[in-house]
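**Student:** how would this look folded up:
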Amino acid sequence: MNKKQKYILLVGLFIIALMGLLPPWYFRFKGSVVVDRPGPYAFIFSPPTYKPYGVEGAPRIDTSRIVGQWGIVVFVCYGLFFLLKDKE
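**Tutor:** Residues are numbered from 1 along each chain as shown. This is a model prediction of the structure:
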């Protein structure tokens with residue numbers, strides 16, 4: 001593994017860790033029907049609040065969005081890792 005590959009690996013891990021600290025959220029409203037609304041990105045230890053029309057939604061981490069984002073980062077880093085390998 002050369003220096004460029006190590007750099008790509010470290011940058012990819014940093015981006016994934018940052019995405020884990022600031023995940024996407026969604027809000028679930030329960031009543032006669034259950035409604036999910038996408039929310040903002042927020043720090044993992046202080047979830048966002050959302051009160052439309054005076055009704056508070058329960059914030060939850062949007063796992064499908066975060067896993068998709070992680071997958072894109074892994075795919076891009078994987079490609080760059082092999083593009084930047086030494087030619088022997």
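
**Student:** for the helix or strand where residue 81 lies, packing partners?
**Tutor:** Element membership for residue 81 (DSSP states H and E) is helix 63-83. Here helix 63-83 touches helix 3-21, strand 24-30, going by 3 or more CB pairs under 8 Å, 6 or more residues apart in numbering; DSSP states H and E. C-beta: built from backbone N, CA, C; applies to glycine.

**Student:** Compute the number of surrounding residues for residue 6.
**Tutor:** A count of neighbours around residue 6, defined by other CB atoms under 10 Å, yields 12.

**Student:** so how far is residue 17 from it?
**Tutor:** 16 Å (CB to CB, to the nearest Å).

**Student:** And for residue 4?
**Tutor:** With CB to CB as the criterion, residue 4 and residue 17 are 21 Å apart.

**Student:** Between these two, which is the more surrounded one?
**Tutor:** residue 4 (14 against 9).

**Student:** Excluding covalently adjacent residues, which one is nearest to the more buried one?
**Tutor:** residue 84 (4.3 Å; CB to CB, 6 or more residues apart in numbering).

**Student:** what's the burial count for the one you found?
**Tutor:** 15.

**Student:** Show the contacting residues for it.
**Tutor:** By CB atoms under 8 Å, 6 or more residues apart in numbering, residue 84 lies in contact with 2, 4-5, 8.

**Student:** Turn those residues into CSV, including pLDDT.
**Tutor:** Shown next, in CSV, are the contacts of residue 84 (pLDDT from 0 to 100):
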residue, pLDDT
2, 89
4, 91
5, 92
8, 95
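
**Student:** on that earlier part again, most neighbours per residue, which of the helices and strands packed on helix 63-83?
**Tutor:** strand 24-30 (a mean of 17; mean count of other CB atoms under 10 Å).
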